[in-house]
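> My questions are about this predicted structure, shown below with the sequence.
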There are 2 protein chains.
Amino acid sequence: MKTLRVPEATVTRLSVYSRFLEKLDRKGVTTVSSGEIAEGVVVSPAQVRKDLAYFGEFGTRGVGYNVKDLMRYTLKILGLDHQWPLILVGAGNLGFVLCTYKGFNSRGFSIAAVFDNNLMKIGKMVGRLEVLPMEKMPEIIQKHKVRIGIISVPPRAAQEVADQMNKNGLEAILNFSPIALKLPDKIEVRNVDLSVGLEILTFNLVLRAAQSLEVQR
Amino acid sequence: MKTLRVPEATVTRLSVYSRFLEKLDRKGVTTVSSGEIAEGVVVSPAQVRKDLAYFGEFGTRGVGYNVKDLMRYTLKILGLDHQWPLILVGAGNLGFVLCTYKGFNSRGFSIAAVFDNNLMKIGKMVGRLEVLPMEKMPEIIQKHKVRIGIISVPPRAAQEVADQMNKNGLEAILNFSPIALKLPDKIEVRNVDLSVGLEILTFNLVLRAAQSLEVQR
């Protein structure tokens, strides 16, 4: 079977395109050009065409793309044509932000349960969810057919939580702890570090001063 | 002057390498091989060598890299060899998380001031900072020589805040609002969407099932 390597930046932009297409669709717009997508999401038209070309032929020359078709297709590529129940471990401030983050629901993600090992937190409400003890994890994962877990615990607890998620059959982890988790290859891991975004900005500011390097998007 | 294009993924990994090198340095380790860096941060040794090669020749064949030199160099490339004062606008839950995020300080970032236009929030404490009214922004930016702003307001307010940051001379914006800001090219913008990480995971899970595409890191 053929294997096509897709740059992660393309997947990220695909996510941005699909949001823009949803907005157009809600407004009743039926066709859109790569130039209009590019302007709406602030990238170049050539980049839009290149990104979409990874996944096949879209659009009609001179007419553009059918908004509804392209929207559905991008959502399908991203796996967002159905709901993804999640579990979250770590009911601190960041856990609260994530549990109440509206951006998840609109993309088909819903947090099915929140866990913590802190007795002071268990039983408390975080948004509409009651914080559950860690022992309940296997039961909840099975009941809701959860495949993805989010880690928002302090660094010292992150590896142990990741191991438990692995043991309980989760297939992917979104990790907000600033440590590199050691897990078998069969688990997809994505690390979110809130300061990396800042470091890319400072890198760019320094480069701009030096005028000798620039970041390729 | 020559222009070298550096992939954003390389900058992100550079940030990860520098953290790992700091950890080694604290432990008193003096030399490290690309294989050891690779194992420590979970990428391939070839990737480590390729990433570092963008910035010149490092290391001695058979000996490896000098930890302290490479650490200082990576921090310098990232612009992290000095402090960066920041301002943050939007004192909601996410603003609270960001103001109390320990990961910023350890990388040379410090939030100099928090702003909000909500009278209920102005004057309240967020961590060690008092929430200031928007009118104070020019004064604070000048006083602390701030070049970077963080936006953590609701989507409907984000463009207006970005325009104010631009008017007040900021050079870079880290945007947590799920909208594409329209700003002049001279401002560096980096969008952080907390659900994009999840979408890359679901993309990978779907692909893995299809076995026909894979994400290139």
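Yes, it's here. Numbering: from 1, shown residues only, chains lettered A, B, ... in the order given.
> CA atoms for contacts and neighbours, from now on please.
Fine.
> Please spell out which residues along the helix of greatest length in chain A are buried.
Ordering each helix of chain A by length in residues (DSSP state H) puts helix A:8-26 first. Residues A:9-22, A:24-25 are the ones in helix A:8-26 that count as buried (16 or more other Cα atoms under 10 Å in any protein chain shown).
> Then stretch A:60-67?
Buried residues in stretch A:60-67, counted by 16+ other Cα under 10 Å: A:64, A:65, A:66, A:67.
> Please, where are all the helices along chain A?
Under DSSP H, chain A gives helices at A:8-26, A:34-41, A:45-53, A:67-77, A:93-99, A:102-105, A:137-144, A:155-167, A:196-210.
> ok, and what's touching the third one?
The reference is to helix A:45-53. A:10, A:13, A:14, A:34, A:35, A:36, A:37, A:38, A:39, A:58 (Cα atoms under 8 Å, 6 or more residues apart in numbering or on different chains).
> what's near enough to touch the closest residue to residue A:192 other than its chain neighbours?
Using Cα to Cα, 6 or more residues apart in numbering or on different chains and skipping the chain neighbours, the partner closest in space to residue A:192 is residue A:176 (4.9 Å). Under the criterion of Cα under 8 Å, 6+ apart, the neighbours of residue A:176 are A:150, A:151, A:152, A:153, A:191, A:192, A:193.
> so how many other residues sit close to the spatially closest residue to residue A:104 that is not a sequence neighbour?
With Cα to Cα, 6+ apart as the criterion, residue A:104 has its nearest non-adjacent residue at 5.8 Å, and that residue is residue B:195. Applying other Cα atoms under 10 Å in any protein chain shown, we find 21 residues neighbouring residue B:195.
> Is it correct that residue B:195 is in contact with residue A:102?
No - contact criterion Cα atoms under 8 Å: residue B:195 and residue A:102 do not qualify, at 9.6 Å.
> looking at chain A, which helix or strand is least sure?
Least confident helix or strand, chain A: strand A:213-216 with a mean of 53, by mean pLDDT, DSSP states H and E.
> quick one, domains of chain A?
Chain A breaks down by automatic domain parsing into domains covering A:8-77, A:84-191.
> out of those domains, deepest packed?
Neighbour counts (mean count of other Cα atoms under 10 Å in any protein chain shown) averaged over each of those peak at domain A:84-191, with a mean of 18.
> same question for that domain, mean pLDDT?
Per-residue pLDDT over domain A:84-191 has a mean of 94.
> now do the same end-to-end measure for it.
For domain A:84-191, the first-to-last residue distance is 19 Å (Cα to Cα, to the nearest Å).
> Give me the distance from it to the chain's centre.
14 Å (Cα atoms, centre = their mean, to the nearest Å).
> same question, stretch A:23-32
Distance, stretch centre to chain centre, for stretch A:23-32: 24 Å (Cα atoms, centre = their mean).
> Spell out whether that stretch and chain B are in contact.
No - applying Cα under 8 Å from any Cα of the partner chain, one finds stretch A:23-32 out of contact with chain B, separated by at least 11.2 Å.
> what about that stretch, how long is it end to end?
12 Å.
> so for that stretch, what's the average pLDDT?
Regarding stretch A:23-32, the rounded mean pLDDT is 94.
> Identify the residues contacting it?
A:63, A:64, A:65, A:66, A:67, A:68.
> filter those down to the ones close to chain B.
Near chain B, by the rule Cα under 8 Å from any Cα, you find none of the contacts of stretch A:23-32.
> Just the CA trace of stretch A:111-128, in PDB.
Taking Å, rounded to 0.1, in the frame of the first residue of the first chain, the C-alpha atoms of stretch A:111-128 are listed here in PDB:
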ATOM      1  CA  ILE A 111     -14.500  15.300  27.600                       C
ATOM      2  CA  ALA A 112     -16.200  12.300  29.000                       C
ATOM      3  CA  ALA A 113     -14.600  12.400  32.400                       C
ATOM      4  CA  VAL A 114     -11.900  14.200  34.500                       C
ATOM      5  CA  PHE A 115      -9.600  12.400  36.900                       C
ATOM      6  CA  ASP A 116      -7.300  13.400  39.800                       C
ATOM      7  CA  ASN A 117      -5.600  11.600  42.600                       C
ATOM      8  CA  ASN A 118      -6.000  14.600  45.000                       C
ATOM      9  CA  LEU A 119      -8.600  13.700  47.600                       C
ATOM     10  CA  MET A 120      -9.400  17.500  47.900                       C
ATOM     11  CA  LYS A 121     -10.400  17.600  44.200                       C
ATOM     12  CA  ILE A 122     -12.200  14.300  43.900                       C
ATOM     13  CA  GLY A 123     -16.000  14.900  43.900                       C
ATOM     14  CA  LYS A 124     -15.700  18.600  43.100                       C
ATOM     15  CA  MET A 125     -17.200  19.900  39.900                       C
ATOM     16  CA  VAL A 126     -15.100  21.100  37.000                       C
ATOM     17  CA  GLY A 127     -17.600  22.700  34.600                       C
ATOM     18  CA  ARG A 128     -20.300  20.100  34.200                       C
END
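> Noted, bye for now.
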